[in-house]
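# got a structure for you, letters missing:
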């Protein structure tokens, strides 16, 4: 004998457990106890503790005294309900359910109506005055017991039902009458005997023992073990078993059942929201045969019950300090609560409920901040496909840029612009996009590509534009010649309508209804609270004044990455840029650069104006020069066409010259090629032009009284001497202009840390760099040796096989890339303690990566404008999570 | 007054310094003192210490007592020589030279003949009975003094000489007679006065003071400061000043001057070797107007002097324990030694001298090992261009693979093979090479490419083959259509002869004479001594049985990298490899693999046989599959050609199908793409085939009694889960074959560490890996973010500007890549303390990188066969250097 307690009663003012005993009673048992403690009417019952399960597993035998305790609790339960196990007049029926400390699918779920046998079924019939219901319950119990306790395939029983229906010439279960049910009970019992070699147990305690035994064993079934392994749940926890009196909502017009929410789960409005059915069981609500009534009508129907229910749900919300989702049953006028839990809700509702609850003094601001998932802000800010839409799914790709869009399919950027000019909504569909497609992407409502990952050109640009985008959708095949694409047997011609959901990565055929949300007052409030808490600054990646303005509206505190090359792609610029690239000598190159300089200056004037008073990190030219030239294959085609169509020799020569240049600049691995500061070192005049444009613009606006804070950033540094070399150009150019204009601009000069070597030698680099910005896109590429343009060929398989948990271009790889960042931060601060450090890769907008950035001690994160609100919330949550853990 | 001593006398048995006082007396002064101490006749003199210089710099004044000490030493010198400063009958003439502790160009060099004035010149004339000589010496002194002491431009004086020659209608200085010399002396003095405002100093002590002062000040001239800065020499060292009595070899037939070596500097033979001129000064030997006589003839000419000289040089060699290079002068029958230093020598001589000196008990083995530069072994093993060859230099590129070759230019691999079959010597000239060129490279005597760095395909393969190669020679332009290349205005047509020097990176037009060295007994001996000392194992990178055999002959102790992909390029294999790549499904792919398997097995059988008893690290397939397909551009051309020449539709379809496959496999950055273990994960059947071939071959040979030690290496791992995944395939395949054959092979399974993330997470990876091999080629690419195929566009400039000291693909970057290696080693050993770690990148054959590898604690290095002897020597030196530093 042991003096340990294994069984805990709940209900009828005799509750022994509470919500704090989840570890011992499991989630379900603790929650039932908690409700009972609050005085909420729950059907009474008892919980067999997880400890009993653990001992059973360990010793392969029940712990001493457990069955005695169960017997005592059955007595208690019989007294409490006034019913008795096996009593033919007033039988006690119970449910048996598993309940682990952590919710865990894959284990034995539920046996209902335990307590029925050939005798008690008659009592139930008499008591409910419904013989058909009683036998129906009995045959369901036999089937459920056979299935979950003994593992007999349910199809055995379903076939029998089908035979009976065929025999009677009916199609629905509801059309089977009492006689049929009785016959089915007999046949089910026969099947049971056939499969097990024993009669279906008539002894109720045997039914119960077998069920409890099945729950314990289900802890170690394959599905449960696999689930625990995948979710890193200890095998030592064990499961509890809940035995609870059944209540019936189908005992006539004073009975009923329903589900309700303490607030509207779609909008968050403060209203009692739900539905119910009279004379029905829970499964009837789910089956959808009868249409439930709104909960309000219960007020008229059973005013006392309604008032009681309203009181109880309010009490539960106050107690749990969160919106509740409850299940209840009314048995002959008596209300029973079967379940309460924190309610699932839409993003809009989550936001409103959190803010309202602070205003109601139910929770504090910090709790409110933690209630919202950062990703939910995406849903609040972007159009969504109406969940009611019933369109056919064409294909699935990567959720590359959130939001949804509807439009006509167009396969080229040029055509996209034409159509958009005619006010057509279009979706640009490309194998992959390149900088030349930017005009078309801008004109489109959304973008769909066949290739490319989360940081492909299409994905990055679309996120920057706040446009929905699905990338790497390799289920579709484009046939440019025929002007169509195919997927899943569908053929979609240019001009036909599709809908894309960039939050889910889904493509539908046809026009979906879109829901367009507006930035709510609640979001403003929530983000202000987040601002009070967070310590990380939030900047934006913006290359245009429009983006800069938008980002400021979203709360950005500066620009963390202004890519100057995007400015080179304008229609008026690209010819000059090409002139510069194709210059044979320094003089010609400088001439072309002189033409570019006033254009760049205008760009900076506009961006500086939009960001007045905030720092702006400007990255000097980064991509390899061939990105500004047409593609080799295109030029080959062009020459072919000119030749066959009799183009002039002059024209042909011109294209051939371009072709030669493209060929000379071609690189095997452009990502690791002649780009970044390597350009600035081989052609110092390019960076000189850019610095001139920056400083001249800054001087001009400073003299107008504006506060311009430029931070000049050198890309792709691997070696402190590269930085020193380029910095000399920067400093000399800046000094000479400031001297000329007699204005002093307090600009900074710093560097990207985007190569492993830069992180490893950050102490040396920091001597020359006034700030660091981690370029985690490139750093991820080089740390893993993954080309983001090519990784699509194996990354999906890697994630599928569990080799990687996430796409490292979307979620920062803390073990590898993060380790290098930590080395870089430590070394950088060792030689320049006050160095400002930020992150401007795509990870700057990812909540998990933001948390890492905060913990690693960064000063700011920078992300695309639409992700600024997410970053504000996520950085506040990072602070609160840290406080929680301390 | 201070009691410090500032001046040290040497010569005439009164020497006060020694070789150990270099810091105080400078290199030159200490060496003169050392010779004097040995009883070697040196012209006497004295050294003013570096300390005096330092004090002078610090206080901007001469230290107290210095001049008094100098005066006393002048007295001593006068007594010792029997001559006196300013004595018109027997004047003392001296040289004044600077002499820092570390040899340092850029400082004041030499003033000769100090002590001449209008009086003493007459005494010199009388004493030498050569008035012309006396006035020539005087005018030289004025010119040298004006130049080095006062900075007067020598052109001032040279113009005067020219005028005089014009006036006399002669062309050579030697044609100027005594009168002319006297006139020049007057004119030189006038120029001096004109430029300085003072008369040329007639007071000898003033001449000396001014000279000493000039030497001190030259310590801080711009050139000297710059030199110290660049070479990290402390500014605090100061320079010494040497004042030494002049001796003259041009005082008649009993005078003379010469240079000699204690052994033959070209061959190392033990013979007294050198040349001399009678009645001549040192500069006459250099000027080459008279032909010097071999030193042997001195034996007949002046037998006593010869015997004395022979004794002295032998004494010097015994004393310095190294071959000496000496300068001497005979003044009227008296021998003076002017200089002795360790002699420069050829690689062959260095080797022979070092081995001989051990056999002579002059030095120990360790000293001998340290005497040879590892790079000298290259010269001993490879053909060299005869230094006497006088060919025109066409261009310079990277010294990618050592040795020299001569042959006819050929622009395609196919053509190269054809020509070689006709026994033509050819040089393959390509823009860059690809795996398809291997046959042609094999057929060629040497390889020249326009693009690519030290680890480009051409460089790596050529080094593997031991063939001379010059890479990245962007000074030449190939015109394939015209079948020619141009460089420096030359046009070289296909079939014309060029010579390439892969040790120097030079290309010459025409046929150079080649010197073909043989592996000498001395090299064998030296390498055996190295083996006794070294602790690193030396393995080889070899993909063929031929390479393996060669490497064993060179002393390799196993294979560190056997690339299986090179086996895929054989003529009989490439069609099957393509069939495998283009398979639409797993079944077709497995069929193709089944055809490949016996071929791979044969490869392994041959290599295992060649390496019986040694471990062989086999890397599973690494390169992206598109490397095995033809190039896109080539196929486009082929289709064009087929279409225009009326090829069959079937043929056209076949090429188009190939084209589609090539296009689908094209990658933006193949280096970071779908390769390495990523292939093994997406297509496990490929690795399965390879492992089968390995283990079956091992079983077969083991049953024949051989000792096969295979180490299976997984490439491009970034994550421990990749390794785990692939290792499962390896283990299962190996186990099943060993079970089938009933043979147990003790194979290992390990991984390359060639990505930053692998090094950063080496602790996790080491749990599954039984060995690590650092793939420093790829690790350098990713750590720097440099593509080795593209870096040629900026690397030369980087090295030129001092941004990098070396090509990091040739010499391991210790700060960045080395830092990652250290992290990888520490972490790897933290979870598997006995893990075997090696390096198999190109750096495995570079001496500096080998030293790093030893200090970082690696177990072995692996390099191409021809570099194995270098690695053996370098790893012995690493041990000795470490011992020295301890």
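Yep, that arrived. None of the values given here were measured: they were computed from a predicted structure. Residues are numbered from 1 along each chain as shown, chains lettered A, B, ... in the order given.

# need the longest helix for chain A.
Assignment by DSSP state H gives helix A:586-610 as the longest helix of chain A.

# mind listing what's buried along that helix?
A:589-590, A:592-593, A:596-597, A:599-601, A:603-610 (16 or more other Cβ atoms under 10 Å in any protein chain shown). Heads up, the C-betas are built off the backbone N, CA and C, glycines and all.

# stretch A:105-123 now?
So, applying 16+ other Cβ under 10 Å, buried residues of stretch A:105-123: A:107-108, A:111-117, A:120-123.

# ok, which pair from those is furthest apart?
Across those, the longest distance by Cβ to Cβ is 33.7 Å; it joins A:107 and A:122.

# most centrally placed residue in chain A?
For chain A, the residue nearest the mean C-alpha position is residue A:375 (5.6 Å; Cα atoms, centre = their mean).

# I'd guessed that one sits against residue A:845; true?
No: with contact defined as Cβ atoms under 8 Å, residue A:375 does not reach residue A:845; the gap is 10.6 Å.

# elements contacting whichever strand or helix holds residue A:635?
In this assignment (DSSP states H and E), residue A:635 forms part of helix A:632-644. Judged by 3 or more Cβ pairs under 8 Å, 6 or more residues apart in numbering or on different chains; DSSP states H and E, the packing partners of helix A:632-644 are helix A:649-665.

# is the helix or strand hosting residue A:464 anywhere near chain B?
Per DSSP H and E, residue A:464 falls inside helix A:457-465. No: under the criterion of Cβ under 8 Å from any Cβ of the partner chain, chain B is not reached by helix A:457-465; the shortest gap measures 10.3 Å.

# just after the lowest-mean-pLDDT helix or strand in chain A, pick out the following helix or strand.
The weakest-scoring helix or strand in chain A, judged by mean pLDDT, DSSP states H and E, is helix A:282-287 (a mean of 64). Using DSSP H and E, the helix or strand that follows helix A:282-287 in sequence is strand A:293-294.

# parallel or antiparallel, which strands does that following strand pair with?
strand A:273-278 (antiparallel) (DSSP bridges).

# who touches the partner strand?
By Cβ atoms under 8 Å, 6 or more residues apart in numbering or on different chains, the surrounding residues in contact with strand A:273-278 are A:249, A:253, A:255-265, A:284-285, A:290, A:292-295, A:298, A:301, A:326, A:328.

# same question, stretch A:819-830
With contacts defined as Cβ under 8 Å, 6+ apart, stretch A:819-830 is touched by A:753, A:756, A:758-763, A:765-766, A:769, A:772, A:774, A:776, A:779, A:783, A:835, A:837, A:839, A:856-858, B:756, B:760-761.

# for the stretch 501-650 of chain A, which residues are neighbours of chain B?
Looking at chain B, the residues of the stretch 501-650 of chain A close enough under Cβ under 8 Å from any Cβ are residue A:636.

# which parts of the stretch 501-650 of chain A are strands?
Remark: strands assigned in the stretch 501-650 of chain A by DSSP state E, counting those that start in this stretch are A:506-509, A:514-515, A:537-541, A:559-563, A:615-619.

# Serialize those to TSV and add fields for distance to residue B:627 and mean pLDDT.
Output for the strands of the stretch 501-650 of chain A, formatted as TSV (distance: least, Cβ to Cβ, whole Å; pLDDT from 0 to 100):
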stretch	distance to residue B:627	mean pLDDT
strand A:506-509	34	93
strand A:514-515	47	84
strand A:537-541	36	97
strand A:559-563	33	97
strand A:615-619	34	98
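
# how about low-confidence regions in chain A?
Scanning chain A for pLDDT under 70 picks out the ranges A:1-3, A:106, A:108, A:283-289, A:455, A:517-519.

# okay, which residue of it is out on the far edge from center?
residue A:649 (57.2 Å).

# from residue B:341, how far off is that one?
69 Å (Cβ to Cβ, to the nearest Å).

# same thing with residue A:566?
On the measure of Cβ to Cβ, residue A:566 and residue B:341 end up 63 Å apart.

# residue A:632 now?
From residue A:632 to residue B:341 the distance is 59 Å (Cβ to Cβ).

# what's the answer for residue A:571, then?
In terms of Cβ to Cβ, residue A:571 sits 70 Å off from residue B:341.

# between these two, which is the more surrounded one?
Comparing residue A:571 with residue B:341 by other Cβ atoms under 10 Å in any protein chain shown, the one with more neighbours is residue B:341, at 14 against 7.
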